[in-house]
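Participant: Sequence and predicted structure are below.
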Amino acid sequence: MEEKKIKDKSKLNSAFWLFRLTRTSVFILFFFCVLLFLFYLMGNYQNFMDKTQLLILTVLGFSSVLEVVLSFLGLVEIIFFMITNKFRVNNIFSLLFLILAFITSVIFVIYAVIIKRFATGI
């Protein structure tokens, strides 16, 4: 009986480790995308070269796509944890943050693709 508890606890700890890694990755990518977007906006007013602006948009697009994937996986993980484990307040905050990150990253992907298409010619 005691061995079963230890095995269940080790599986639970490994699952929480995976969720913590996903949440941290989404958090870092979220602020990276926001900084890239602000850097792009500053570059418009400070007359960055067009190649530099396209590079910023390309990096913003790729990092936003990665953030969409990771935030979706994080949403699936947190919904699974909320169903299988106890309902906690920090799960609600994590859920809200992951929803916010997912929505903003989708907006950044759309923005980067549209502006890049207009800049390079349709």
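Facilitator: Now that the structure is in, tell me what you want to look at. Residues are numbered from 1 along each chain as shown.
Participant: Heading C-terminal from whichever strand or helix holds residue 23, find the next helix or strand.
Facilitator: Taking DSSP states H and E as the definition, residue 23 sits inside helix 2-45. Remark: after helix 2-45, the chain's next helix or strand is helix 50-84, criterion DSSP H and E.
Participant: Point out the other helices and strands that the very next helix or strand once past that next one packs with.
Facilitator: As assigned by DSSP H and E, the chain's next helix or strand after helix 50-84 is helix 89-120. Judged by 3 or more Cβ pairs under 8 Å, 6 or more residues apart in numbering; DSSP states H and E, the packing partners of helix 89-120 are helix 2-45, helix 50-84. Any C-beta I mention is one placed from the backbone N, CA and C, and that applies to glycine too.
Participant: What is the burial count for the residue nearest to residue 43 when sequence neighbours are not counted?
Facilitator: Nearest residue to residue 43, sequence neighbours excluded (Cβ to Cβ, 6 or more residues apart in numbering): residue 53, at 5.5 Å. For residue 53, the neighbour count with other Cβ atoms under 10 Å is 18.
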